[in-house]
Every structure is written in structure tokens, then in C-alpha cells.
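> what's the 3D shape of this:
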Amino acid sequence: MKNIILIGFLGLLIFSSCENQFLEKPQGSDLNVDTVFVSQQNSLSAISQAYAMSLTSGLTLLDYDPGREHGVFQGVIAHFSGELNAIKFNWEESWKISRVGFMADAGNGAPLSSDGFNFNYKSIRQSNLVIENIDKVVDMTDDEKEVVKAEMKTLIAYRYQEMFKRYGGVPLVKSSLSANDDLKISRASLQETLDYIVQLCDEAAPVLPASQERIYKGRVTKGVALAIKAEALLFAARPLFNSTTPYLDLGENNSLICFGNTDKQRWQDAINASKAVLDWAAASGCHIIDTNSPLDDYGTAVSTPNNPEVILAYKNQFPIPGPNGHYYSPHGPSGGANAMSFWMLKQYAKEDGSEQEWAHEEASYAEYASKMNEMEPRYKASAAAAGFDAWNNPNDEHWTSTVLANSSTWSGRGGTEGCGRRVKFWYHAGTRDWFEFPLYRLAETYLGLAEAYNELGKADLALPYLNVIRDRAGLPDITETNQEQLRKIIRREWAVEFYEENHQLWDVKHWKHEDIANGIIGGIKKGFAFTYVNGSYGLVADDYLTYVTEEKYTGFWNTNQYLEPIPAYEINKGYLIQNPGY
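The predicted structure is shown next:
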């Protein structure tokens with residue numbers, strides 16, 4: 001197995017042109033399996049292709065994607081979730097979805113949804129092809145082949161988990177399928193979909209290695225399979241699915257979007273699965289980074305490749321490409337489109353744990369600067385304030401306020417509409433122009449345990465897990481034991497700890513958050529406005545005069561948006577049930 005190294009984007013680039021039939025056998029994808037699987041070396045292309053395809057769900061790290069095979073772009077997920085303020089132009093998808101929501105058909109034959117629904121099945125098919133053909137390889141041992149099969153099962157489980165939280169029950173495709181197979185596979189129930197995810201993880205975990213050598217980081221481990229299972233069970237326990245009635249009635253098909261009962265055992269199942277992740281972590285060198293230097297510790301955890309807190313990352317060590325990918329780079333042409341919303345800023349505390357108050361009437365920039373300097377370390381590791389050098393790249397000329405303001409149109413976007421420009425993922429990056437997006441960090445397990453124990457009325461057991469994350473953040477311990485109040489605190493910690501890590505959108509939906517239509521997804525969106533010495537925009541602190549909080553636009557929310565639509569062109573074929581309200 002040591003010769004099999006994950007080859008970044010190779011598979012993705014090879015597999016970039018496939019047709020729209022999501023269960024149809026893609027043209028030329030087999031690459032002649034008898035040739036590909038003749039040797040260990042040749043099989044590398046199929047294995048790396050499966051990784052590259054499977055781990056892209058919802059990521060906007062890729063170049064322009066007109067077919068939306070990998071999801072929407074221009075920061076849609078973070079904008080719609082309430083983390084960012086929508087960008088300004090009505091042709092941008094962030095603008096559209098923030099104002100009209102996800103759509104089964106955007107009017108051009110392509111859906112607006114947070115992942116590439118069809119591409120889910122292309123990636124699953126690739127993993128199934130490897131499972132079905134790896135035994136043909138003559139220079140691998142049986143044990144090595146079983147590990148590869150377990151890796152593929154884990155990738156399939158990951159993709160189904162991503163669909164589970166977006167759509168509910170989905171078609172379960174358990175083989176690669178051929179043109180002679182019945183391709184009209186109906187949606188499985190919510191329970192059947194969950195059971196299949198758990199089954200795949202349970203089959204894979206005992207076979208996978210507990211850890212990988214540094215050179216093979218990016219390959220899945222036992223911990224990845226356990227983390228996927230824990231996440232699926234946590235979503236199953238949350239109120240959206242764990243309910244006697246669905247969010248909208250789907251008649252005889254309610255089992256696609258709701259379990260039909262409320263069962264506290266689902267929370268206990270999530271606890272058991274999360275504890276298994278912690279047991280694996282303790283034995284495998286995976287741990288929360290806490291050296292009593294909160295900004296550095298959090299910055300390392302979310303930014304530094306191969307750090308000991310990351311369970312799985314999207315392994316990309318190439319420059320973030322294209323107009324879409326540059327959204328993630330504060331130095332790229334779209335980097336200004338990452339303005340933190342006022343709602344998101346309010347989730348952060350001051351470094352002493354108390355609440356920060358921001359001016360709703362015009363106040364001096366000196367007040368703004370003083371308040372920004374009081375913010376907790378996770379804010380400083382995630383955002384750059386107007387007129388400030390990036391706290392997470394100190395004394396680095398590549399990360400000064402002047403450089404940041406001159407790149408990516410700070411004025412009117414990251415600067416004047418938002419409450420900080422995102423620099424998260426770039427801790428001590430210097431001139432590095434790539435990063436590895438964290439798909440699973442161990443912090444998720446701790447917050448999942450805190451949430452689940454609190455929902456079972458066991459605050460005494462929830463607090464130790466919550467306070468592990470608070471302590472790393474440099475904040476005082478929480479002692480609150482009232483279930484409702486502790487629930488709010490835990491949800492706030494989720495928002496801050498996983499800012500822009502593709503958690504918030506599904507967290508607030510599956511919690512059925514009470515403010516989902518009141519400033520998070522829907523409702524009034526606020527940001528900051530500044531005045532300047534030169535009347536235009538600022539580069540350094542001396543260029544700013546005043547700041548104020550003001551309304552920017554009204555976000556869209558409708559009950560149908562709890563789950564996303566299946567593309568209309570698939571529904572129109574007559575064998576899939578659409579989610580309600582589309």
C-alpha cells in the first residue's frame with residue numbers, strides 16, 4: 001500500500017466531462033478496467049480519481065464550473081448560511097440564492113443547489129468501480145486490496161452523508177451499474193439512507209489503518225470512517241429529521257424527509273459514535289491543539305497542513321485556481337467577496353468572554369479599532385479588520401492592511417459592507433497560494449458530544465466537552481446548566497469554531513434555528529459602513545474617520561429551503577420524488 005499515493009487533482013481533471021444523466025454510465029469512464037487494474041501502479045489513477053471526485057462536495061476550491069458538477073460557486077454556501085454578506089451583483093449566484101433561495105431549475109436547465117447532485121453519483125460510481133475491480137491487480141496482497149475497498153466504502157459513505165443532510169433520503173446505488181441495468185432507482189427512505197451510511201462505515205472502520213504516515217496524509221483512516229458515521233447520526237438526531245412530522249407535508253412520501261417519530265435514542269447513538277472517534281483519536285495522535293496560545297493554536301488547527309487536529313482534509317497543494325477558487329484567497333481577484341456579516345461578528349465574544357457592543361450611530365474609527373483589538377483570538381485568526389494588518393500573519397508584508405485593501409476591491413465588499421475580511425485558512429501563510437480545506441476536525445466531535453448530552457438533559461456531561469473548545473479559544477469555562485440557555489451557547493460555539501468550514505448552513509437548518517428567518521439566512525442583513533479621510537476608501541488606519549452598523553439587504557427564507565431541491569431535469573424523468581415546495 002505504501003506505493004499508492006493520493007495524486008491531488010489528477011482524477012478530477014481526467015473526469016471533468018461527463019453527461020447529465022446521474023445514473024447513466026459515463027462515457028469512457030472505465031478507461032478499460034482490464035488495463036487500469038492490471039497492476040498496482042496502473043490502479044493508482046482509478047484510486048486517486050475516486051478521492052479527487054468524492055471529496056469535492058460543496059467546495060468552491062475549483063475553477064469555474066458552469067455545469068455545477070461540484071456545487072455552486074462565488075461563496076454561495078457561506079453567504080446563504082448567514083456567515084457572509086451577499087456580494088453585490090445580480091448575476092452572481094451568491095446574490096441570487098441569498099434573495100431567492102435554492103432552485104430546482106435556475107431557468108437555464110441547471111439547478112441552484114449547494115452540491116452537484118448528479119456528480120454525487122459519478123463519484124460513487126468511480127468508487128464502486130475500484131471495489132469491483134481491485135481484486136484483478138496481480139501485485140497487491142489480499143490485505144492491501146481489502147484496505148483499498150474499505151477506503152472506497154468510506155468515500156461512498158462520505159458522499160451519501162453529504163446528500164443525506166442536503167436532500168434527505170436519496171437513491172442508493174450499490175454497484176457501478178452498466179447500460180443493461182435498470183437505471184431508474186427510486187429514492188430510499190431517510191432511515192434506509194442513514195442505515196447504508198452506517199453500514200459502509202462499520203464495514204470500513206475495522207479494516208482501515210488507525211493512522212497514515214505523514215507522506216500518505218489525505219488517505220482515509222479508521223478515524224475518517226468513524227467521523228462520517230458520527231456526523232450522520234448527529235444529523236439524524238437533530239430536530240429536522242428527528243420529528244413526528246416533516247417540515248412540509250409530502251404525503252405518503254414523508255419517510256423521505258422525516259423519521260416519523262421523535263426518539264432520544266438517536267442522540268445516544270450520536271454520543272456512542274462520537275466517543276468512538278475520541279477513542280480512536282487518543283490512540284492515534286489526533287488531538288485538540290492547545291498550547292495556551294489561542295490565536296496560534298486555532299490558526300494552526302484550521303490552516304496548517306497535516307496538523308494533528310485534522311481528521312480529513314481536501315488535499316490540494318496547487319495554487320487556488322480561477323475566478324471561483326480565488327474567492328478563498330484574500331489576495332485573489334474575488335477575495336473581496338468574503339465580507340463577514342454583522343450577525344456572524346456578533347457570535348464572537350471579547351477575549352475576556354464578555355459581549356462586544358458595536359455602534360448603531362456613527363462613531364469614531366478609534367472606537368472601532370479599540371473594539372476590534374478586544375475581540376477573541378478566533379476572530380483574529382479568521383478575519384482582518386478594516387485598516388488592520390492580518391493578526392494571523394504578523395509582521396508579514398504580504399498581509400498588511402495596504403496589501404489587503406489594494407487586492408480584491410476591499411472598498412464596498414470585504415471592507416465597507418462586511419465586518420472583517422476572511423483570512424482564515426491562511427495562518428502564517430506568507431506567500432503560499434494554496435491551502436487544504438479541513439473536511440473533518442476533531443473539534444467537531446467535542447461539540448457534537450456537548451450538543452447531544454445537552455439534548456438528553458445531561459448538562460454535567462455536556463460541559464466538559466464544550467469547555468475543551470472554549471479553553472483552546474482562550475475563553476472562560478461555561479457553567480450554565482439550563483438546557484435551553486446551554487443549547488444557545490453550544491450553537492454559538494459551532495458557528496464560531498467552524499466559520500466558513502461548510503457547517504453553518506446545515507447546522508441551522510437541522511436545528512430549525514429560531515433565528516433562521518431573522519438575520520441568519522432570511523431577514524435583515526447588516527454590516528459596517530465607514531467614512532474616509534479621502535472620501536473613498538481606506539488603506540491604513542489613518543485613512544478612516546468613522547464607522548456605523550447599517551442594514552444592507554433582506555435575505556430570503558422559505559420553509560421549503562430546509563432541504564434542497566433535486567434538479568428538475570431528473571424529476572422530469574418521472575421516477576424521483578421532489579422535496580416539498582419546489
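
> Any buried residues in stretch 41-55, and which?
Buried positions in stretch 41-55, judged by neighbour count with 16 or more other C-beta atoms under 10 Å: 43-44, 46-55. Bear in mind the C-beta positions are built from the backbone N, C-alpha and C, glycine included.

> mean confidence score for it?
Over the span of stretch 41-55, the pLDDT mean works out to 91.

> just to revisit the earlier point, may I see the buried residues of stretch 41-55 organised as CSV, with distance to residue 542 added?
Formatted as CSV, the entries for the buried residues of stretch 41-55 read as follows, by distance: C-beta to C-beta, whole Å:
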residue, distance to residue 542
43, 60
44, 56
46, 58
47, 55
48, 51
49, 53
50, 53
51, 49
52, 47
53, 50
54, 49
55, 45
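
> Would you mind listing the two of the residues you listed that lie farthest apart?
Greatest spacing in the buried residues of stretch 41-55, by C-beta to C-beta: 43 and 55 (18.6 Å).

> ok, back up a step: mind checking which of the buried residues of stretch 41-55 land in helices?
Those of these mapping onto helices are 43-44, 46-54, per DSSP state H.

> Name the SS class of the most centrally placed residue in the chain, please.
With distances taken as C-alpha atoms, centre = their mean, the chain has residue 502 as the residue nearest its mean C-alpha position (2.2 Å). Taking DSSP: H, G, I helix; E, B strand; the rest coil as the rule, one finds residue 502 in the coil state.

> Can you give me the pLDDT of it?
The predicted local confidence for residue 502 comes out at a pLDDT of 93.

> I'd assumed residue 55 was in contact with it.
No: under the criterion of C-beta atoms under 8 Å, residue 502 lies out of contact with residue 55, with a separation of 11.8 Å.

> Which secondary structure elements does the longest strand along the chain sit against?
The strand spanning the most residues in the chain, taking DSSP state E as the definition, is strand 544-555. Strand 544-555 sits against helix 93-100, strand 363-364, helix 365-373, strand 523-532, with contacts defined as 3 or more C-beta pairs under 8 Å, 6 or more residues apart in numbering; DSSP states H and E.

> let's see it at 7 Å
Helices and strands in packing contact with strand 544-555 are listed as strand 363-364, helix 365-373, strand 523-532; criterion 3 or more C-beta pairs under 7 Å, 6 or more residues apart in numbering; DSSP states H and E.

> could you redo those as a markdown table and give each row mean neighbour count?
Listed next are the helices and strands packed on strand 544-555 as a markdown table, based on neighbours: other C-beta atoms under 10 Å:
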| stretch | mean neighbour count |
| --- | --- |
| strand 363-364 | 14 |
| helix 365-373 | 17 |
| strand 523-532 | 19 |
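
> closest one to residue 261 among those?
Judged by C-beta to C-beta, the one of the helices and strands packed on strand 544-555 that comes nearest to residue 261 is strand 523-532, at 31.6 Å.

> Run through the helices of the stretch 251-400 of the chain in chain order.
Under the criterion DSSP state H, counting those that start in this stretch, helices of the stretch 251-400 of the chain are mapped to 265-284, 294-303, 322-325, 342-347, 365-373, 377-382.

> Adding distance to residue 518, write these out as JSON lines.
Shown next, in JSON lines, are the helices of the stretch 251-400 of the chain (distance: least, C-beta to C-beta, whole Å):
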{"stretch": "helix 265-284", "distance to residue 518": "26"}
{"stretch": "helix 294-303", "distance to residue 518": "28"}
{"stretch": "helix 322-325", "distance to residue 518": "30"}
{"stretch": "helix 342-347", "distance to residue 518": "9"}
{"stretch": "helix 365-373", "distance to residue 518": "24"}
{"stretch": "helix 377-382", "distance to residue 518": "23"}
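
> any idea which of the ones you listed scores lowest on pLDDT?
With a mean of 50, helix 322-325 has the lowest mean pLDDT of those.

> Low-confidence bits of this protein, can you list those?
Residues of the chain that meet the criterion pLDDT under 70 lie in 1-31, 60-71, 73-74, 86-88, 321-327, 332-337, 407-417.

> Tell me how many other residues crowd residue 397.
Other residues within reach of residue 397 by the criterion other C-beta atoms under 10 Å amount to 11.

> which SSE is the residue nearest to it when sequence neighbours are not counted in?
Beyond its immediate neighbours in the sequence, the residue positioned closest to residue 397 (C-beta to C-beta, 6 or more residues apart in numbering) is residue 403, lying 7.1 Å away. Element membership for residue 403 (DSSP states H and E) is helix 401-406.

> Show me the strands in this protein, by range?
According to DSSP E, the strands that the chain contains are 310-314, 363-364, 383-384, 421-422, 437-441, 523-532, 544-555.

> Could you dump those into a markdown table with distance to residue 492 added?
Conversion of these to a markdown table gives the following (distance: least, C-beta to C-beta, whole Å):
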| stretch | distance to residue 492 |
| --- | --- |
| strand 310-314 | 23 |
| strand 363-364 | 25 |
| strand 383-384 | 17 |
| strand 421-422 | 19 |
| strand 437-441 | 18 |
| strand 523-532 | 17 |
| strand 544-555 | 19 |
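
> Quick check: which of these is nearest to residue 106?
Between residue 106 and the strands of the chain, the shortest separation by C-beta to C-beta is 18.2 Å, and it involves strand 544-555.

> what comes into contact with the closest one?
By C-beta atoms under 7 Å, 6 or more residues apart in numbering, the list of residues contacting strand 544-555 from outside reads 85-86, 98, 342, 358-365, 368, 386-387, 417, 521-533, 538.

> one more time with 6 Å
Contact partners of strand 544-555, identified using C-beta atoms under 6 Å, 6 or more residues apart in numbering, comprise 85, 98, 358-360, 362, 364-365, 368, 387, 417, 521-531, 538.

> so what's residue 159 up against?
Residue 159 sits next to 54, 120, 123-124 when contact means C-beta under 6 Å, 6+ apart.

> Between all of the residues you listed, which two are separated the most?
Looking at those by C-beta to C-beta, the two members farthest from one another are 54 and 120, with 9.1 Å of separation.

> To residue 152, which of the helices and strands packed on strand 544-555 lies closest?
Shortest distance between residue 152 and the helices and strands packed on strand 544-555, using C-beta to C-beta, is found for strand 523-532: 41.9 Å.

> Sweet, I'm off.
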